[in-house]
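[1] for reference, the sequence and a predicted model appear below.
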Amino acid sequence: MSKSSRERARRQKQRRSALPKWIALVGVAVVVAVAAAAAGARNAGARASSSEVAVAPPPAAVAAPVATDAATPAVATSGATAPGKQLLFFMNPNGYPCQTQLGILNGVADSLSKVAQVVLIKTTEQADMPKFEAYGIRGLPTLVIADKDGRELSRFTPGVQSGDAVLAALTK
């Protein structure tokens, strides 16, 4: 067997062995989510109908620094005055790109809290749905920079943005 044939066979074997590990991890995550949903449904009692699906909230460590609505400050501000801008984060809490963007924002939360108040606007909240229409949001995740009154100053194209890009746009 030639050297190139051995190398090709080795790479194919690595690909085959990596796939079952990935599938196993996804399987474990699904089992854990289903078990958590079942436990939540048992705790909820008869309030939940059979057509409802319980969704586990994101871990507290991921979502803690970011605000849940316009009245709640994103992160404790270190001065007497609140930041002059808002970063409106239009998101689907169950979507991977939105969870990724949330993690990035949480990674720069200290710097972000100095320049803007982060407001999560979620597809899972019925009260938030008019905001999606008012701002013309068609793709997620979308970040919009607005003034204190909610007037749009600028917006990012839909998709995951780097923390540096968000901070640079907020400090312009």
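    Received it, and whenever you're ready, just let me know what you need.
[2] mind checking the SS state of the closest residue to Met91 other than its chain neighbours?
    Take Met91 and drop its neighbours on the chain: the residue closest to it by Cβ to Cβ, 6 or more residues apart in numbering is Cys98, 3.9 Å away. C-betas here are computed from N, CA, C, even on glycine. Here Cys98 is helix, with the state taken from DSSP: H, G, I helix; E, B strand; the rest coil.
[3] now do Phe89
    strand.
[4] show the pLDDT at it.
    Note on Phe89: pLDDT of 97.
[5] ok, for it, nearest residue in space, not its chain neighbours?
    Counting by Cβ to Cβ, 6+ apart, the residue nearest Phe89 is Leu120, at 5.3 Å.
[6] helix/strand/coil for that neighbour?
    Assignment for Leu120 (three-state DSSP): strand.
[7] surely it and Asn92 touch.
    No. With contacts counted by Cβ atoms under 8 Å, Leu120 stays clear of Asn92, the gap being 10.9 Å.
[8] tell me the confidence at the residue nearest to Phe89?
    Taking Leu120 on its own, its pLDDT is 97.
[9] ok, Pro141 next?
    Looking at Pro141, its pLDDT reads 97.
[10] isn't it right next to Leu88, touching?
    No. Using Cβ under 8 Å, Pro141 and Leu88 do not qualify as a contacting pair, with a distance of 10.8 Å.
[11] element containing Leu143?
    strand 142-147 (DSSP states H and E).
[12] what comes up buried for that strand?
    Within strand 142-147, the residues that count as buried by 16 or more other Cβ atoms under 10 Å are Thr142, Leu143, Val144, Ile145, Ala146.
[13] which SSE is immediately downstream of that strand?
    Next element after strand 142-147 (DSSP H and E): strand 152-155.
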